[in-house]
Every structure is written in structure tokens, then in C-alpha cells.
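A.B. asks: Below: sequence and its predicted model.
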Amino acid sequence: MRLNSFLVPAIAFGVLLGSASAQSGTLDQVSPFPSGGGGASFNADATSLTWQCQVKAGIPGQLEGVTFSAAQGNAGATFDVRLRAGAGWNVGPALFSGTVTKGLTGVEDIFVDMTSAGLTLNANDLFVIEIQGTGSGVWLGGSYVPPPGAPLYSEPLFLGGPGCFTDCGWRIAFQTWMVGGFSSFCFGDGTQATPCPCSNSGLAGRGCNNSAATGGAQLSVSGSTAPDSIGLHTIGELPSALTIFLQGNAQISAVPFGDGLRCAGGLLKRLYVKSAVGGAANAPLAGDPSVSAQSASLGDPIASGTSRWYQAYYRDANQSFCPAPTGNTYNISNAVRINW
């Protein structure tokens, strides 16, 4: 079977995930559908084709569901979706199985509620989203980066059996959503009423973009609150940026903060100061106090049943990148609320 018999370039679609409104949880994983070059379309029509997207959870909680970007198909067209725990290629029990129906003709973002599966995950747990056509003409959006470039999502895509699909540069677009003790918000992706300071919107679920054009920094959380094993993790910073993990005891409406937006407010504490490695920073590290212990030592003991709000701000000294307001030498991630 020729490559172009079941996927074709889709540069003209230009749709971004994230418009689906049925979900209410925390955005976790994003396999994007680029708005410019590099987009691709995948056959979710043929009943003979079964795709499996391997996903690695970034935060603990229960999987709420998945958003797909349907690139083609008429209203009423369908495709089947299944969920399996573990790595792909996966023939284990289907924890969820359902038929998705398009509500619109053409490009459409579709949220699939999978809470009925009861799939509870720890950070770095693997699961598989399986897609199979029903013969009704649906094609899904996604991306392609030819090797040796890195694909736009780290985990592999499978078609019909073991082995990463073709040259491993292809990815079906999706977003996964989690419910539990953590929630992400204050995104610099154009969804806030307050725009990024110089129209520097980032990628979905991240802070405002930076001078390295990473799409912005994304803060995520791992571990649990009882006992406290919370970890704070960022990606998308400048390669070796000085990073401050910030805690607030209140949520505020987004306000400009350097080249980004801050929503953590109230009593603000600088919990940890770290240097990013390859644009990623983590805290606490070995030998550091836990988040709750560090907070208590700084005069803000955290009582069970209360919440705290977290962001990471980091150095970005390129003042010409975001000249309005002038003089900014830092940017900031999205925010995360932790219910203790």
C-alpha cells in the first residue's frame, strides 16, 4: 500500500486543538495539528486501518477524555475509539469503546468523554488511544516531521501492529484531559481575556511565547499531596534559564508579568530557584525540602483541604523580543492549582 493511499498532506486546514468545550479537567498531553507547514491528515475512514496513539501521562489523576481534530468528513460521519492501558502496540482489554459522530461538516474539534473507563494514572504511565474507521469518510488531523527532525509528540504512533508507523515522524493530533487534585489554567495561548503583553501567544496549554520561540513554558505537576511527593516541572523555557518556582495562596485574574501573564497571587513565595537544562527545570531536587515543608519554612504552612497556586518564571533577557512594555527580561509559565 502506498503511503499516500491512507494519509495526505493537510497544510491548508490550519486548525488548532482546544476549541472543544465539553471537557472541564486539566490539559495534560498535546500532540498538535500545526497551523502552517507540517500538517498531515490520517485515514479514520477505512475499517481495515487501526491506529494506536501511545500517550504518556504528564500528571496524576483520572483520564477525563481526549480531544481529536477531525480534518475532513460530513456531519453524521463516524469513527470508533478505544482506550487500552499500557504501551502500544496493545491488544489488552479495551477499557473504553465508543463510536464518535461528527456534528459538523469539515474541520471540527471533538471531545470524547472517557471518564466511564475509570483509568487512573500516575505521571509517566502509558496508555493507548485506538482509532478505527467505520467507512463513513472521516480523516483526522495531525503532524509530520521528516527524520532526523523530532516528531511533534514524543510517544510513537502505530498502525495495525508493532513498530512505529513508517519513519516515525507521523503523529495524529490529540489533547488529553485529566481530573483530580491538580488543574492548569492561565494559559498564554490567546484564551485569556488579558492578552500576552506583546501579542506573543504561545501554544495551547502553555505560557506566552518567548524569544526562543519554544511556544512558551508549560508547568506540570507530578506526585501526590499526602504524603507530599509533589514535583514541579517545566518545559519550553530558554535552554539554561534561571527559573523561580512561585507559589501564591490566591488566584487572581491574569495580569501582565514580564513577557507573560501571572494568575498566582495573594501571599507570594519563591519556593525554589533552579537553572533549566535544555529548557526544562524541575523542583524539588534531591536534598531539597518538599513543597509543603518549603512553604512552611517561608511562613506559609499549608493546611489540608486548602489550595495553592503555582507558576514558574524564568529569565529571557532579549528585550527586543517583547518591547512593549520595554525592559522586560523574564517570562512565566501557565499556572497550576494544587488542592492539598
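C.D. replies: All right, it came through fine.
A.B. asks: C-alpha from now on. contacts and neighbour counts both.
C.D. replies: OK.
A.B. asks: what about Gly88, distance to Gln54?
C.D. replies: Per CA to CA, to the nearest Å, Gly88 is found 6 Å from Gln54.
A.B. asks: which residues are in contact with both of these two?
C.D. replies: Phe127, Val128, Phe158 (CA atoms under 8 Å, 6 or more residues apart in numbering).
A.B. asks: Which one of those residues is nearest to Asn334?
C.D. replies: When those are compared for distance to Asn334 (CA to CA), Phe127 comes out closest, at 25.2 Å.
A.B. asks: ok, then the element right after the helix or strand in which that closest one is found?
C.D. replies: Per DSSP states H and E, Phe127 falls inside strand 126-133. Using DSSP H and E, the helix or strand that follows strand 126-133 towards the C-terminus is strand 139-144.
A.B. asks: can you tell me the average pLDDT over that next one?
C.D. replies: Averaged across strand 139-144, the pLDDT comes to 94.
A.B. asks: In the sheet, which strands lie alongside the next helix or strand along the chain from it, parallel or antiparallel?
C.D. replies: Downstream of strand 139-144, the first helix or strand assigned by DSSP H and E is strand 157-159. As defined by DSSP bridges, the strand partners of strand 157-159 come to strand 50-56 (antiparallel).
A.B. asks: Show residues contacting the strand it pairs with.
C.D. replies: For strand 50-56, the surrounding residues in contact (CA under 8 Å, 6+ apart) are 29, 87-90, 123-133, 155-160, 171-172.
A.B. asks: remind me which residues of the stretch 101-250 of the chain are low pLDDT?
C.D. replies: For the stretch 101-250 of the chain, the stretches with pLDDT under 70 are 180-181.
A.B. asks: quick one, what contacts Arg315?
C.D. replies: Arg315 neighbours (CA under 8 Å, 6+ apart): Leu238, Ala241, Leu242, Thr243, Thr329, Tyr330, Asn331.
A.B. asks: Scan those residues and report the most crowded one.
C.D. replies: For the contacts of Arg315, neighbours were counted using other CA atoms under 10 Å, and Asn331 has the most, 28 neighbours in all.
A.B. asks: Next SSE downstream of whichever strand or helix holds that one?
C.D. replies: Element membership of Asn331 [criterion: DSSP H and E] is strand 330-332. Per DSSP H and E, the first helix or strand lying C-terminal to strand 330-332 is strand 335-339.
A.B. asks: Mind giving me the packing neighbours of that following strand?
C.D. replies: strand 182-185, strand 218-222, strand 260-265, strand 307-315 (3 or more CA pairs under 8 Å, 6 or more residues apart in numbering; DSSP states H and E).
A.B. asks: Quick one: distance of it to the chain centre.
C.D. replies: When distances are taken as CA atoms, centre = their mean, to the nearest Å, strand 335-339 is centred 15 Å away from the chain's centroid.
A.B. asks: Mind checking the pLDDT average for it?
C.D. replies: Across strand 335-339, pLDDT averages out at 89.
A.B. asks: can you check stretch 269-286 too?
C.D. replies: The predicted model gives stretch 269-286 an average pLDDT of 96.
A.B. asks: Strands along the stretch 1-150 of the chain, start to end?
C.D. replies: 7-9, 26-31, 39-43, 50-56, 61-72, 78-85, 96-101, 108-113, 120-121, 126-133, 139-144 (DSSP state E, counting those that start in this stretch).
A.B. asks: nearest to Arg206, of these?
C.D. replies: strand 26-31 (9.9 Å).
A.B. asks: Which strands border that closest one, and is each parallel or antiparallel?
C.D. replies: If you go by DSSP bridges, strand 26-31 pairs up with strand 174-179 (antiparallel).
A.B. asks: ChimeraX command to pick out the buried ones of the contacts of strand 50-56?
C.D. replies: Command for ChimeraX that selects the buried part of the contacts of strand 50-56, burial taken from 16 or more other CA atoms under 10 Å:
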select :29,87,88,89,90,125,126,127,128,129,130,131,132,133,155,156,157,158,159,171,172
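A.B. asks: related to what we said a few turns ago, from the chain's centroid, how far away is the strand holding Phe127?
C.D. replies: 18 Å.
A.B. asks: same deal with stretch 280-300?
C.D. replies: Put simply, stretch 280-300 sits 24 Å off its chain's centre (CA atoms, centre = their mean).
A.B. asks: can you give me the end-to-end distance of that stretch?
C.D. replies: 27 Å.
A.B. asks: Likewise for stretch 177-185?
C.D. replies: 12 Å.
A.B. asks: Ok, stretch 331-340 next?
C.D. replies: For stretch 331-340, the end-to-end distance is 27 Å (CA to CA).
A.B. asks: The closest residue to Ser307 other than its chain neighbours: neighbour count?
C.D. replies: Leaving aside its chain neighbours, Ser307 sits nearest to Asn339 (4.4 Å; criterion: CA to CA, 6 or more residues apart in numbering). Look at Asn339: counted by other CA under 10 Å, it has 15 neighbours.
A.B. asks: Ok, Gln72 next?
C.D. replies: Neighbour count of Gln72, defined by other CA under 10 Å: 25.
A.B. asks: Kindly report the same for Ala303.
C.D. replies: Applying other CA under 10 Å, we find 10 residues neighbouring Ala303.
A.B. asks: And Trp170, by the same measure?
C.D. replies: Neighbourhood size, Trp170 [other CA under 10 Å]: 27.
A.B. asks: pretty sure it is in contact with Gly141, am I right?
C.D. replies: No: assessed by CA atoms under 8 Å, Trp170 is found out of contact with Gly141, at 10.7 Å.
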